[in-house]
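*Asks:* Just need the structure, nothing else, for what follows:
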Amino acid sequence: MEGRVDIKILCGKDLFGMDFSGKSDPYVEVFHGDKKLHKTAKKANTLNPEWNEQFSFHLMDQSEPIIFKVLDRDLPDKDDFMGEAHLDLSALGINRSEEVSLPLS
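*Replies:* Numbering: from 1, shown residues only. Presented below is the predicted three-dimensional model:
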């Protein structure tokens, strides 16, 4: 099935502290297959970021999950991987809104 998908990234809760301060500067990158769909703003010095960012994309292949990668922004070094979550689109309803919580692994 193909069509438009709207996603809103609301927040993160109780993320890992990756910096010396015990906090993190998290952001989310969203992928479908190899294609990056969206990157949220970085939220500084928090373990409970609120993004409230929405984006849309045209879905051609429902068999691949949407992957949400959470990273901690580090300057000047490479950003730290905090975890990822997968969203199986085939398990969701068509033409309706659903709120889901995705645990990081």
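
*Asks:* can you give me the strands for the chain?
*Replies:* 3-11, 26-32, 35-39, 50-59, 66-72, 80-87 (DSSP state E).

*Asks:* Output these as TSV; include the columns distance to Gly93 and mean neighbour count.
*Replies:* Heads up, the C-betas are built off the backbone N, CA and C, glycines and all. Below are the strands of the chain laid out as TSV (distance: least, Cβ to Cβ, whole Å; neighbours: other Cβ atoms under 10 Å):
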stretch	distance to Gly93	mean neighbour count
strand 3-11	12	13
strand 26-32	19	21
strand 35-39	20	14
strand 50-59	14	13
strand 66-72	15	20
strand 80-87	13	15
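
*Asks:* Please report how far the spatially most central residue of the chain lies from Leu10.
*Replies:* Nearest residue to the geometric centre of the chain (Cα atoms, centre = their mean): Phe68, 3.5 Å. Distance, Phe68 to Leu10, using Cβ to Cβ, to the nearest Å: 12 Å.
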